[in-house]
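Engineer: Give me a model of this one.
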Amino acid sequence: MHQEGKGYRPVKKKVKSCGSPFNHPLYFAILLYSIQYVKKIITPFLLASALLSGTAGFGQYNNGLSAIKRDTLPPSFNWNEATAKKGFPYQSFIVPAVLVTYGFTSLHNDALLSVNNKFKEEIYTDGSSNQKTQIDNYLPFLPIVAVYGLNALGIEGKNNFRDRTMILGLSGIIVGTAVFSIKSLSGETRPDGSDKYSFPSGHTAAAFATAEFLRQEYKDVSPWYGVAGYAVAAATGYLRMYNNKHWLGDVAAGAGIGIMSTKLAYWIYPVIKHTLFKDKEVSTVIMPTYQDGSFGFGLVHRF
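Structural biologist: Below is the predicted model of the structure:
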């Protein structure tokens with residue numbers, strides 16, 4: 001026992017305290033682990049919510065665009081329709097341009113003039129011994145008969161009656177004008193010396209123009225229609241040399257002019273159609289014709 005007396009002070013024992021429990025290291029460890037655990041649990045739900053919100057927002061945006069389309073565009077507008085091709089088709093004119101260039105060059109180039117004479121010797125060796133034919137006067141019309149005949153049989157081509165007839169007529173105008181003008185300016189003498197309208201070959205130009213017409217109308221059905229048309233055109237050119245009416249250069253230039261004429265007609269016609277016809281149907285068409293150096297007109301009527 002301790003006795004209290006004078007000058008005596010009781011000794012107080014100091015108790016070591018850890019302070020607040022929030023300052024204990026174990027508390028921080030437990031808190032950190034709890035935060036990480038909760039984070040793992042709620043993260044997938046947050047991501048799913050964000051995705052659903054974004055999808056809903058995109059859907060609203062897409063619906064807004066659809067509404068704009070419906071309100072601002074005509075009902076007949078086709079969003080899947082291919083963009084119309086514009087510009088001049090230069091590449092398709094390369095081959096006929098080469099043929100025309102060869103023909104013009106052969107008029108004054110010594111090497112090509114000798115080639116003309118060589119072909120004449122091979123194809124037409126002696127005019128008196130060769131039996132001339134008139135088939136070349138009719139061959140240029142065979143591709144035209146084929147186009148309208150196939151349509152009559154139910155094998156439809158690229159264009160309807162009105163459009164293909166107008167294209168054929170336009171091609172005839174172009175080829176006839178070109179051939180007549182160049183013949184008048186060139187003054188080239190025929191191999192048989194009959195006149196000075198040898199260059200270029202009008203029969204060959206007409207044959208290749210109609211051959212390209214047949215090819216254009218049925219190239220999507222079968223390429224063999226075009227092959228047949230060009231075979232007829234090549235035969236026409238050969239027979240013109242066989243009959244001693246044209247040089248090789250005349251035939252080459254005529255072929256190029258014919259092909260280009262029809263290609264130009266197909267390129268120009270959509271503008272003419274839009275300007276003149278709209279949705280009107282044409283049943284009667286007058287077309288220019290060319291045969292044996294003479295121009296005329298042909299009548300085509302749809303019954």
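Engineer: For whichever strand or helix holds I173, name the packing helices and strands.
Structural biologist: Assigned by DSSP states H and E, I173 belongs to helix 161-186. If contacts are counted by 3 or more Cβ pairs under 8 Å, 6 or more residues apart in numbering; DSSP states H and E, helix 161-186 sits against helix 142-152, helix 202-218, helix 248-272, strand 284-291, strand 294-301. Any C-beta I mention is one placed from the backbone N, CA and C, and that applies to glycine too.
Engineer: So which bits of stretch 136-148 are buried?
Structural biologist: Buried residues in stretch 136-148, counting neighbours by 16 or more other Cβ atoms under 10 Å, are found at D136, L139, P140, F141, L142, P143, I144, A146, V147, Y148.
Engineer: repeat for stretch 232-245
Structural biologist: Quick answer for stretch 232-245 (16+ other Cβ under 10 Å): 232-237, 239-245.
Engineer: now stretch 173-191
Structural biologist: Buried-residue list, stretch 173-191, by 16+ other Cβ under 10 Å: I174, V175, G176, A178, V179, I182, K183, S186, E188, R190, P191.
Engineer: Name the spans of this protein whose pLDDT lies under the cut-off.
Structural biologist: Of all residues in the chain, those with pLDDT under 70 make up the ranges 1-86, 125-130, 277-303.
Engineer: One more pass at 50, please.
Structural biologist: Residues of the chain that meet the criterion pLDDT under 50 lie in 1-2, 14-18, 22, 51-62, 65-85, 295, 297.
Engineer: care to break it down by domain?
Structural biologist: Domain assignment for the chain by automatic domain parsing gives 25-66, 91-301.
Engineer: and those, which is most packed in?
Structural biologist: domain 91-301 (a mean of 18; mean count of other Cβ atoms under 10 Å).
Engineer: pretty sure F104 is touching G254, no?
Structural biologist: No. Using Cβ atoms under 8 Å, F104 is not in contact with G254; the gap is 11.8 Å.
Engineer: and the gap between Q131 and Y242?
Structural biologist: Here the distance between Q131 and Y242 works out to 10 Å (Cβ to Cβ, to the nearest Å).
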